[in-house]
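[1] Give the three-dimensional model of this entry:
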Amino acid sequence: MRIAVIHGPNLNMLGRREPSIYGQTTLAQIDERLEQLAGELDVELEFRQANAEGEIIDYIHEAGARVAGYLINAAGFTHTSVALLDALLAVDRPYVEVHLSNPAGRERFRHRSLLAPYARGVVQGFGADSYELGLRGLVRIVCAGDNDQAAPRRR
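    Okay, the predicted model is just below:
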């Protein structure tokens with residue numbers, strides 16, 4: 001099984017960017033931890049980080065034929081991108097949304113996620129552990145054939 005891990009805008013700056021909010025763990029360290037966990041879970045991962053919305057959308061479309069699901073930290077696009085949501089829905093693969101911080105405890109504009117209503121799960125506020133928790137959940141969902149959790153319905 002192959003899972004796509006998508007890191008959105010500014011996540012390439014982790015470790016330097018607002019460490020009081022995002023911690024000191026770098027994106028490379030997060031990816032290394034995910035690779036270790038993937039070995040334990042017997043899954044393959046492919047990673048993509050992009051600061052451009054269109055690049056992420058193109059990647060979602062392109063990867064849809066070969067991945068079983070997406071682990072995505074859309075970062076700032078979480079709150080603004082209907083196009084990103086549409087791309088995830090178009091490929092018809094489960095996805096789990098992750099965030100290092102707890103957006104609900106931050107600025108008001110970060111309280112609403114456009115992706116969350118259709119995600120199979122959302123993990124936020126656990127720092128780098130959010131990614132690992134999200135990957136574990138996504139793998140369980142895919143392995144269960146989506147039987148353990150009702151699929152979100154489009155509203």
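[2] And the strands in this protein?
    2-7, 44-49, 69-73, 95-99, 121-124 (DSSP state E).
[3] Could I get the ones you listed in CSV, plus columns for mean pLDDT, distance to R112 and mean neighbour count?
    Heads up, the C-betas are built off the backbone N, CA and C, glycines and all. As requested, those are exported to CSV (pLDDT from 0 to 100; distance: least, Cβ to Cβ, whole Å; neighbours: other Cβ atoms under 10 Å):
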stretch, mean pLDDT, distance to R112, mean neighbour count
strand 2-7, 98, 20, 22
strand 44-49, 98, 24, 17
strand 69-73, 98, 16, 25
strand 95-99, 96, 12, 26
strand 121-124, 95, 12, 20
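[4] Need the ones you listed in JSON lines (columns: distance to V82).
    Compiled in JSON lines, those are given as follows (distance: least, Cβ to Cβ, whole Å):
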{"stretch": "strand 2-7", "distance to V82": "17"}
{"stretch": "strand 44-49", "distance to V82": "20"}
{"stretch": "strand 69-73", "distance to V82": "15"}
{"stretch": "strand 95-99", "distance to V82": "15"}
{"stretch": "strand 121-124", "distance to V82": "18"}
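[5] beta partners of I6?
    R48, I72 (DSSP bridges).
[6] State the distance from it to Y70.
    Distance, I6 to Y70, using Cβ to Cβ, to the nearest Å: 6 Å.
[7] joint contacts of those two?
    I60 (Cβ atoms under 8 Å, 6 or more residues apart in numbering).
[8] of all the strands of the chain, which lies closest to L114?
    L114 sits nearest to strand 95-99 of all the strands of the chain, at 9.9 Å, using Cβ to Cβ.
[9] who touches the closest one?
    Outside strand 95-99, the residues that touch it by Cβ under 8 Å, 6+ apart are 69-74, 78, 88, 113, 115-116, 118-125, 130-131, 133-135, 137-138, 141.
[10] One more: stretch 49-58?
    Under the criterion Cβ under 8 Å, 6+ apart, residues 6-12, 27, 48, 59, 74, 77, 81, 83-84, 87 lie in contact with stretch 49-58.
[11] out of the residues you listed, what pair is the most spread apart?
    L27 and A83 (23.3 Å).
[12] quick one, what contacts the residue positioned nearest the centre of the chain?
    Nearest to the geometric centre of the chain sits I72, at 1.4 Å (Cα atoms, centre = their mean). Residues near I72 by Cβ under 8 Å, 6+ apart: 5-6, 8, 88, 95-98, 115.
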